[in-house]
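> sequence isn't available, so here's the structure alone:
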């Protein structure tokens, strides 16, 4: 059992060494995660805009239905 775990961890390590990371390993601190922070910001802003758009049209449709249904 222990040998299987060690072999698995060794394979995981070798695969992670092959991975290409989106930052320069020489960078330190927040600069290292700039791409991640920027991408997250774009997603959050897009979700806020989309939710505002949906909320607006939901309000419009509710008022139209109120006018049509006595």
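That came in fine, so what should we check first? What you see is a predicted model; the values in this text were computed from it and never measured. Numbers count the residues shown, from 1 in each chain.
> roughly how far apart are the spatially most central residue of the chain and residue 33?
Centroid check for the chain by Cα atoms, centre = their mean gives residue 40 as the closest residue, at 5.7 Å. Residue 40 is 9 Å from residue 33, where distance means Cβ to Cβ, to the nearest Å. Every C-beta, even on glycine, is put in place using the N, C-alpha and C of the backbone.
> now residue 46
For residue 46, the distance to residue 33 - Cβ to Cβ - is 20 Å.
> for residue 19, report the pLDDT, please.
Residue 19 is assigned a predicted lDDT (pLDDT) of 82.
> for residue 44, pull up the helix or strand it's in.
helix 34-68 (DSSP states H and E).
> any idea of the mean pLDDT for that helix?
95.
> what's in contact with stretch 32-49?
By Cβ atoms under 8 Å, 6 or more residues apart in numbering, the residues outside stretch 32-49 that reach it are 22-24, 30.
> tell me which residues of that stretch come out buried.
residue 32 (16 or more other Cβ atoms under 10 Å).
> ok now that stretch, how far from the chain's centre?
Offset of stretch 32-49 from its chain centre (Cα atoms, centre = their mean, to the nearest Å): 8 Å.
> distance of residue 67 from residue 57?
For residue 67 relative to residue 57 (Cβ to Cβ), the value is 16 Å.
> what does residue 39 give?
27 Å.
> likewise residue 12?
With Cβ to Cβ as the criterion, residue 12 and residue 57 are 47 Å apart.
> same check on residue 31?
On the measure of Cβ to Cβ, residue 31 and residue 57 end up 40 Å apart.
> sweet, I'm off.
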